[in-house]
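>>> here are the coordinates; sequence isn't available:
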């Protein structure tokens, strides 16, 4: 392989910037006053980091800290390294080693006896912590492709999230992550949407769907008890892109589904997954579970969101220590069921343009939904084609792990997006479908940056587009 | 930090092309941002209606308005916003109006 020269990524050396944290402290935000969010305090952070490291180490973490044999397979899995093959700091093993060496120096007996032998090392000051922050937040999208390909079972994604969590505990986090966590703690949703704005947007979408179908019985029920489905969404659907709510409402109406959205606990996204803060993870996930409990809903349905699906369906029950008593599923699974049961009729000719599917990391690798969206797309699209590699081996959209909200790491993210751009271009498709809002923006960035002739769509949009409404004209 | 140049003045933008100092925004800046970031050669009266509403809302509340508010204020249907600004309300319209990048999954 011909290797091109690459300069330093610049990410590791990015300076520590604490101005939003300072502002949050001055404003006296409840989440800061209660200590749920820490603000950065120079000084004894290293001692606290080491203390937390000792307290939080678990068996799966210890395995990932010690089992690595430095074979290098993870490097060949990582889109950062594949796009910058001259830069060893881009390999997952190097990134993980920056955490591992601290573990070896302070916890593991090998490093305490012979630190030089096992390459143990320590942290000395806040600059070292800042450098670690830049590595675990800025040069890894926590996509876990390396984890999937590791023959030793080392979970680098877990190590990265663990390190992020300890740094978050100290208040050493990127500005974007701090802001979104603050909003989620303070308002229960990551975009600080007020209850009134939430309800107004739902009414607006109800009216839009009603007008489109010429049917004034269309409803978007809120806080209706004893429904089959509790539908939870990503706040960006309310704030900036409610089209997906209209698509879902239209389909639920046409199948006569008994469904509702909660007045509180409607945000299924969870920045606790990205920041590594299990307490925030527990708070947000619990809001959703308790909404379902309060309204006695039979099932929780999660709109198309990768990290929200992983958090709400899988991780949240553990973070919140909540007994899972009701099925929790992605709306794509719900759509697949409607199609199989013949509850909606579709005409694939309505989606005539070639469509490819992008597997989101948190949906396929970490969420175990792989074939279902394909089955839906084959039914609603005339020309569905795979991109390669695909399924659990797909590459990240480059915006995973919360990177979309960390503008400071964007240049590197777009540079390593070259891989994704090549992958997209090779499909020859006009549309790329994904079941994650994060991927929508990640892919849109790549498409814009590399000037690709593609548009990003989601499964709900394609299904809504292909719907044959019985009794309507022209069908 | 990346910069864009307008009338000989250097304006700092963040890595995503959002103005770093939103108070530096002028109508000329809007035209330049629209061309550089959205590929719009000129801004029509409809574009300006959206941009000016977002700008005023931001100056009053220090917050990006929801797309619901944009449509209410301008009377445009939802899809019109996407027709006017290809990158959508957040990364398109708010950027042209000189707002800082909205927080969250956008």
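In hand now; what should we look at? These numbers come from a predicted model, not from an experiment.
>>> make it CA atoms for all contacts and neighbour counts henceforth
Will do.
>>> which residue is nearest the centroid of the chain?
The chain I'm using is chain A. The residue lying closest to the centre of chain A (Cα atoms, centre = their mean) is residue A:307, at 2.9 Å.
>>> sorry, should have said chain B
Geometric middle of chain B (Cα atoms, centre = their mean) lands on residue B:96, at 2.4 Å.
>>> Against chain A, how distant is that one?
15 Å (Cα to the nearest Cα, to the nearest Å).
>>> Run a quick check on that residue versus residue B:30, I expect a contact.
Yes. At 5.1 Å, residue B:96 counts as touching residue B:30 under the criterion of Cα atoms under 8 Å.
>>> Might you name the residue of chain B sitting closest to chain A?
residue B:66 (4.7 Å; Cα to the nearest Cα).
>>> So for that residue, what's the pLDDT?
pLDDT for residue B:66: 94.
>>> Repeat that for the one 10 residues further on.
Looking at residue B:76, its pLDDT reads 95.
>>> got a list of what the residue of chain B closest to chain A touches?
A:238-240 (Cα atoms under 8 Å, 6 or more residues apart in numbering or on different chains).
>>> neighbours of the residue nearest to residue A:79 when sequence neighbours are not counted, just the number please.
Excluding the flanking residues, the one nearest residue A:79 by Cα to Cα, 6 or more residues apart in numbering or on different chains is residue A:416, at 6.4 Å. A total of 21 residues lie near residue A:416 under the criterion other Cα atoms under 10 Å in any protein chain shown.
>>> now residue A:416: how far from chain B?
15 Å.
>>> What does residue A:401 show for phi and psi?
Torsion angles at residue A:401 (phi, psi; degrees, to the nearest 10) stand at phi 60, psi 20.
>>> pretty sure it is in contact with residue A:138, am I right?
No. In this structure, residue A:401 is not within contact of residue A:138 by Cα under 8 Å, at 9.5 Å.
>>> Pick out whichever of the two has more residues nearby.
Neighbour count, other Cα under 10 Å: between residue A:401 and residue A:138, residue A:401 has more, with 28 against 24.
>>> State the mean pLDDT of the longest helix along chain B.
Counting by DSSP state H, the longest helix found in chain B is helix B:45-61. Mean pLDDT, helix B:45-61: 95.
>>> contacts for the following helix or strand past it?
Moving toward the C-terminus from helix B:45-61, the next helix or strand (DSSP states H and E) is helix B:67-74. Outside of helix B:67-74, the residues within contact range by Cα under 8 Å, 6+ apart are A:201, A:204, A:239-241, B:49-50, B:53-54, B:77-78, B:81, B:89.
>>> Tell me which residues touch the residue nearest to the centre of chain A, please.
A:269-270, A:273, A:362-363, A:436.
>>> With residue A:447 instead?
A:421, A:453-455.
>>> what's the answer for residue A:217, then?
Contacts of residue A:217 (Cα under 8 Å, 6+ apart): residue A:210.
>>> ok, it to residue A:123 distance?
To residue A:123, residue A:217 is 63 Å away according to Cα to Cα, to the nearest Å.
>>> Closest approach to chain B from chain A, which residue is it?
residue A:239 (4.7 Å).
>>> Just the element for residue A:252, please.
helix A:243-255.
>>> Quickly find the element holding residue B:99.
Using DSSP H and E, no helix or strand contains residue B:99.
>>> got the contact list for the residue lying closest to it once chain neighbours are set aside?
Leaving aside its sequence neighbours, residue B:99 sits nearest to residue B:22 (Cα to Cα, 6+ apart; 5.6 Å). By Cα under 8 Å, 6+ apart, the residues touching residue B:22 are B:98-100.
>>> Ranking by neighbours, what's the top pick from the residues you listed?
In terms of neighbour count, residue B:98 stands highest of the contacts of residue B:22 at 27 neighbours, by other Cα under 10 Å.
>>> wait, what's in contact with that one?
Residue B:98 touches B:18-19, B:22, B:25, B:29-30, B:55, counting by Cα under 8 Å, 6+ apart.
>>> Just the buried ones out of those residues, please.
B:18-19, B:22, B:25, B:29-30, B:55 (16 or more other Cα atoms under 10 Å in any protein chain shown).
>>> What segments of the stretch 351-475 of chain A are helices?
Here the stretch 351-475 of chain A has its helices, by DSSP state H, counting those that start in this stretch, at A:371-380, A:410-416, A:418-427, A:437-449, A:459-466.
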